[in-house]
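A predicted structure for the sequence below; I have some questions about it.
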Amino acid sequence: MTTPASAHHPTGADPTPGPPAAHPTAEPARAHSFNAAAAQYAANRPSYPPALFDAIEELTGRPLTGARVADVGAGTGIATALLHARGADVIAVEPGDGMAAQFRRTLPGIPVIRGTGDDLPLSDTSVDLVTYAQAWHWTDPARAVPEALRVLRPGGALALWWNTDALDVPWIAEAADRVSRHLGIDVSAEKRNAGHGTADPSGRLDFTRRTVRWSRRVPVDTHLANIGSHSVFLVDGPERTAPFLAAEREHLLRVFPDGVVEEVYEVVLLLAEAPA
């Protein structure tokens, strides 16, 4: 996805200091930084576990098979592809040139249209589910909530989710501390702030929260490329990023001498149903 945020989890995707809530005009350079790194993003970012989609089906009370879904801030299509594989009829919405181009190369059979969650290019009551994977924090909820409600059919649902680092894992907590010191941010605030009030400050929606824990094992180079694909590093410049990643490699190889990193995530899911 490609609109602005303001913090970073060392192995998760690009959150704000709390997943929801950065204003879309906050940092224009970061809003566009993903487009030049779309291939890196597609190749190295983590996916999502099947249990996440099981939770969505449980909370909505309906299968994804046959559901009309708008995946907003679709980026290179990581979540879109998984929704499609579950049998959903998906249309992707993505504002960025580079990300949309990468999406079309990766998923040529799935439609992607240009637009943002603050002004959805979709008809009224046209979808059963609106999803934001790592993307709600780029919206202005005051605009994005009414837009989601406008395009949802009665009884439809809005689902927001983020991969967040499992900070109870010692090496991940240590890595988060190094990122915090390097960038001057609080990477642990993401999970603390992921709640109903920040997702919809207006209080119009009643979100249910679920957490799904999962992990992946990847080569250290993939792990480092994942870190480097986050906007906060993309705009920081190679002069500062390259030395940090080199030092991070040394830290990681002490923990994982075989060169394979086990990244542990907790997916934070917030889901709210539209009025029937």
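That came through, no problem. Treat the numbers as computed from the prediction; the structure is a model and nothing was measured.

pull up the distance across stretch 69-84, start to finish.
Stretch 69-84 has an end-to-end distance of 9 Å (C-alpha to C-alpha, to the nearest Å).

sorry, that was for stretch 116-133
So stretch 116-133: terminal residues 13 Å apart, C-alpha to C-alpha.

show me what the top helix by length along the chain is packed against.
For the chain, the helix with the greatest residue count under DSSP state H is helix 238-255. Applying 3 or more C-beta pairs under 8 Å, 6 or more residues apart in numbering; DSSP states H and E, one finds that helix 238-255 contacts helix 170-183, helix 220-228. To be clear about C-beta, it is placed using only N, CA and C from the backbone, and glycine gets the same treatment.

stretch 71-82: how far from the chain's middle?
Distance, stretch centre to chain centre, for stretch 71-82: 9 Å (C-alpha atoms, centre = their mean, to the nearest Å).

CA atoms only for it, dumped as CSV, please.
Provided in CSV are the C-alpha atoms of stretch 71-82 (Å, rounded to 0.1, in the frame of the first residue of the first chain):
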residue,chain,number,x,y,z
ASP,A,71,-9.1,-4.7,-1.0
VAL,A,72,-8.0,-1.1,-0.5
GLY,A,73,-4.4,0.0,-0.4
ALA,A,74,-3.7,-3.3,-2.1
GLY,A,75,-0.1,-2.5,-2.8
THR,A,76,1.5,-5.4,-4.8
GLY,A,77,-1.4,-7.7,-4.0
ILE,A,78,-0.2,-9.8,-1.1
ALA,A,79,-3.6,-9.8,0.6
THR,A,80,-5.6,-9.6,-2.6
ALA,A,81,-4.1,-12.9,-3.8
LEU,A,82,-5.0,-14.6,-0.6
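
switch the helices and strands packed on helix 238-255 over to JSON lines; also include distance to Val69 and mean pLDDT.
Below are the helices and strands packed on helix 238-255 laid out as JSON lines (distance: least, C-beta to C-beta, whole Å; pLDDT from 0 to 100):
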{"stretch": "helix 170-183", "distance to Val69": "31", "mean pLDDT": "92"}
{"stretch": "helix 220-228", "distance to Val69": "26", "mean pLDDT": "90"}
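
looking only at pLDDT, what's the mean for the longest helix of the chain?
Per-residue pLDDT over helix 238-255 has a mean of 91.

what's in contact with it?
171, 174-175, 178, 182, 220, 223-224, 227-228, 233, 259, 261 (C-beta atoms under 8 Å, 6 or more residues apart in numbering).

buried among these? Make that a ChimeraX selection.
The ChimeraX selection below is limited to those of the contacts of helix 238-255 classed as buried (16 or more other C-beta atoms under 10 Å):
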select :171,175,182,220,223,224,227,228,233,261
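
right, I'll leave it there.
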